[in-house]
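J.: got a sequence here, can you model it:
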Amino acid sequence: MTGLRVELHPFRLALNAPLVTGGVSIRFRAGFLVSLTADGVTGWGEASPLPGWSRTSLLDTETALRSVSNDVVRGGEAALDTLLTAMHDTPHARAGVVSAWADLQARRAEQPLVERLVASPTFAPASEVAVNALISAPEPSEVEQAAHDAVEAGFKAVKLKVGAVDPKVDADRTRAARAGLGPDAELRLDANGAWDEPTALSVLGRVHDCGIAYCEEPVAGIDAIAVLSRRSPIPVAVDESICSESDAVRALDAGVGTLIVKPQALGGPDVALSIAARAHEAGASVTVTSFLDSAVGIAHALHVAAAVDAAAPAGRAHGLATAGLLSEDVAGLPPVVAGVMSLPPGYGIGVAPAL
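T.: Below you'll find the predicted structure:
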């Protein structure tokens, strides 16, 4: 292989409306697209930490990306493994580089990325992924209508954001969601760690008869979630409390039955898939979600989700239908149809920003 060329492309994308989650109001997404080019072929990755959620800042991410870019230019492909190993403390920067490298390799091999991600040739990855709808409306009447609309649009699973309003209102919103969904669609809650244990137990106790599949991050921290899981009438899941593979192992060892995996936040597709494999070994389920990513990050997560589903065909709908939250994007993605997203056609991730 000839030498690698690395380029960083900053982006800032406004949301259609502020998204309030875990007490943080998100109005835009900013980060870097990372491109790796060799032999006339370019692979793309994304590095976009989220203020209030990520353990590294955008400046930290940029510093790490520029440092590794210089090292890649000097050392080429042979330096990548060593460089990526050293980047675990800057997961978004690592995700940008390792994702771009994986995309480049798949494009050069003229295959979709998912075919390189699937661990066994006996597994046949699908070309589409089931996804959940996302509801964050504050009023119960709005929640009921949004849930009804989601079912009408063909979604089989819906996630309701909770924790940003009075707990009693959250209980009413949850009941409204179930009323709008009817009896069959899966309903998930996501508190983003906003509750303390007494509040979580109170709310979950009030809605335990609503057929909740699980509640993500009802409280903050793996240990607290594990303790709560032993008292909760509703299954719980761990999401942003997982910052590394060792965190995921700790959650599994503590008996948490569902892991929410964000490839871009955890360091890239390789880390996400390693966590998914450990979860499957432990009998736990995995939901792959975006991190309010751009089209590049979502495309990578779609391929990861397809690889996860290939290893566990009974997997749940994934949390990847977030492109519609952005008023603009770096590239186009196939639309969600009847609760399903198709992988973009073509080699690699199937997405190439027009910059």
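J.: what about residue 17, is that helix, strand or coil?
T.: At residue 17, secondary structure determined by DSSP: H, G, I helix; E, B strand; the rest coil is strand.
J.: run through the residues that contact it.
T.: Residue 17 is in contact with no residue at all, counting by Cβ atoms under 8 Å, 6 or more residues apart in numbering. Glycine gets a C-beta too; all of them are placed from N, C-alpha and C.
J.: measure it to residue 222 for me?
T.: 32 Å (Cβ to Cβ, to the nearest Å).
J.: how about residue 309, secondary structure?
T.: Using three-state DSSP, the structure places residue 309 in helix.
J.: report pLDDT for it.
T.: On pLDDT, residue 309 comes in at 92.
J.: check residue 126 too.
T.: pLDDT, residue 126: 82.
J.: again, but for residue 122
T.: Looking at residue 122, its pLDDT reads 62.
J.: same check, this time on residue 236
T.: At residue 236, the pLDDT value in this model is 97.
J.: now do residue 280
T.: pLDDT at residue 280 comes out at 93.
J.: and for it, the neighbour number?
T.: 15 (other Cβ atoms under 10 Å).
J.: and the gap between it and residue 335?
T.: Distance from residue 280 to residue 335, by Cβ to Cβ: 30 Å.
J.: then residue 186?
T.: 21 Å.
J.: if you count surrounding residues, which of those two has more?
T.: residue 186 (17 against 11).
J.: can you give me the buried ones in the worst-scoring helix or strand of the chain on mean pLDDT?
T.: When the helices and strands of the chain are compared on mean pLDDT, DSSP states H and E, helix 77-85 comes out lowest with a mean of 81. For helix 77-85, the neighbour count (16 or more other Cβ atoms under 10 Å) marks 77, 80, 83-84 as buried.
J.: which single one of these is nearest to residue 178?
T.: residue 84 (44.2 Å; Cβ to Cβ).
J.: show me what contacts the closest one?
T.: By Cβ under 8 Å, 6+ apart, the neighbours of residue 84 are 94, 97-98.
J.: just these: which are in helices?
T.: Members of the contacts of residue 84 lying in helices (criterion: DSSP state H): 94, 97-98.
J.: can you put those residues in TSV and add pLDDT and neighbour count?
T.: Below are the ones in helices among the contacts of residue 84 laid out as TSV (pLDDT from 0 to 100; neighbours: other Cβ atoms under 10 Å):
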residue	pLDDT	neighbour count
94	95	28
97	95	27
98	96	24
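J.: and these as JSON lines, adding distance to residue 301?
T.: Output for the ones in helices among the contacts of residue 84, formatted as JSON lines (distance: Cβ to Cβ, whole Å):
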{"residue": "94", "distance to residue 301": "15"}
{"residue": "97", "distance to residue 301": "16"}
{"residue": "98", "distance to residue 301": "14"}
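J.: strands of the chain, start to end?
T.: All strands of the chain, identified by DSSP state E, fall at 5-21, 24-38, 41-47, 128-130, 133-135, 157-161, 186-190, 212-216, 236-238, 258-261, 285-288, 336-337, 340-342.
J.: pretty sure residue 212 contacts residue 185?
T.: No: using Cβ atoms under 8 Å, residue 212 is not in contact with residue 185, being 11.8 Å away.
J.: please parse this protein into its domains.
T.: As given by automatic domain parsing, the domain ranges for the chain are 5-110, 117-342.
J.: residue 257 contacts residue 285, correct?
T.: Yes: under the contact definition of Cβ under 8 Å, residue 257 touches residue 285, with a separation of 6.7 Å.
J.: looking at the two, which is more packed in?
T.: Between residue 257 and residue 285, counting by other Cβ under 10 Å, residue 285 is the more crowded of the two (20 against 17).
J.: against residue 61, how distant is that one?
T.: Counting by Cβ to Cβ - residue 285 and residue 61 are separated by 30 Å.
J.: same question for residue 282.
T.: Applying Cβ to Cβ to residue 282 and residue 61 gives a distance of 31 Å.
J.: residues contacting residue 104?
T.: 36-38, 41-43, 348.
J.: all helices of the stretch 151-300 of the chain, in order?
T.: Along the stretch 151-300 of the chain, counting by DSSP state H, counting those that start in this stretch, helices occupy 167-181, 197-206, 222-229, 245-253, 263-266, 269-281, 295-311.
J.: please identify the deepest-packed of these.
T.: Scoring those by mean neighbour count under mean count of other Cβ atoms under 10 Å gives helix 263-266 as the most buried, with a mean of 29.
J.: what's that helix in contact with?
T.: Residues contacting helix 263-266 (Cβ under 8 Å, 6+ apart): 46-48, 50, 53-54, 91-92, 95, 99, 240, 242-245, 269, 271-272, 275, 288, 290-291, 293, 297, 300-301, 304.
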